[in-house]
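[1] Please find the sequence and the predicted model below.
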Amino acid sequence: MASGGGYNDPSQKIDYVFKVVLNGDSAVGKSQILAGFSRNEFSLDSKATIGVEFQTRTLVIEHKFVKAQIWDTAREGRYRAVPSLYYRGAVGAMLVYDITKRQTFDHIPQWLEELRNHADKNIVIILIGNKSDLEDQRVVPTEDAKEFAQNEGMFFLETSALESTNVEDAFLTVLTEIFRIVNKKTLAAGEEQNDDTLGRGERTG
């Protein structure tokens, strides 16, 4: 089972490091989701992310210490440049849209295509419909998003960064699945980590 607790002891042995990227249109709440998970905070004054930033948080999954590196970037425009560094080594991804802005959902296939063109083919992906606290302004039906996620082999959750609803669950869903895949491959390969293991998310120790 995964534990949602954070650990800040710098001497703590880390068993795994998993890199997860956040993708989606500007202003859908990616930075707020990131802040809510890594620092348990929410700011209404959040400014657009400039360049690339990442936050880390250490969790316990099945008695192993897992450091999550969550990367967020701001890239606008249909032909935005893709920084290879952003995707390198990523083993998880969160595709985020705003349930009150249909366009942000309609752009998800483009984000998914970019992800699949540049990331590991076995990357674990979750589709996130953010701002579920604005139900009265909803324009993207839950069923539409759920069906799309199922067809594309993704997990799906609706979240509210403002109310911290399902933010923790979204990250734990991705991280626990990555752990399950990496651990299964590790067991199959014995104690040796092969280069083609999904755990290019780094295993330490």
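    On my side now, so go ahead.
[2] Contacts for stretch 130-140, please.
    Residues outside stretch 130-140 that contact it (CB atoms under 8 Å, 6 or more residues apart in numbering) are 28-29, 32-33, 96-102, 105, 129, 158-163, 165-166. Yep, even glycine has a C-beta here, placed from its N, CA and C like the rest.
[3] Just those residues: which are in helices?
    32-33, 102, 105 (DSSP state H).
[4] Filter these down to the buried ones, PyMOL style.
    Restricted to buried positions by 16 or more other CB atoms under 10 Å, the PyMOL selection for the ones in helices among the contacts of stretch 130-140 reads:
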select buried, resi 32+33+105
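[5] Among the ones in helices among the contacts of stretch 130-140, which one sits closest to Leu22?
    Distance to Leu22 across these (CB to CB) is lowest for Ile33, with 7.0 Å.
[6] Skipping its backbone neighbours, what lies nearest that closest one in space?
    Spatial nearest neighbour of Ile33, chain neighbours left out: Ala161 (4.9 Å); criterion: CB to CB, 6 or more residues apart in numbering.
[7] out of the contacts of stretch 130-140, which are inside strands?
    With strands taken from DSSP state E, the overlap with the contacts of stretch 130-140 comprises 96-98, 129, 158.
[8] Many thanks, I have nothing further to ask.
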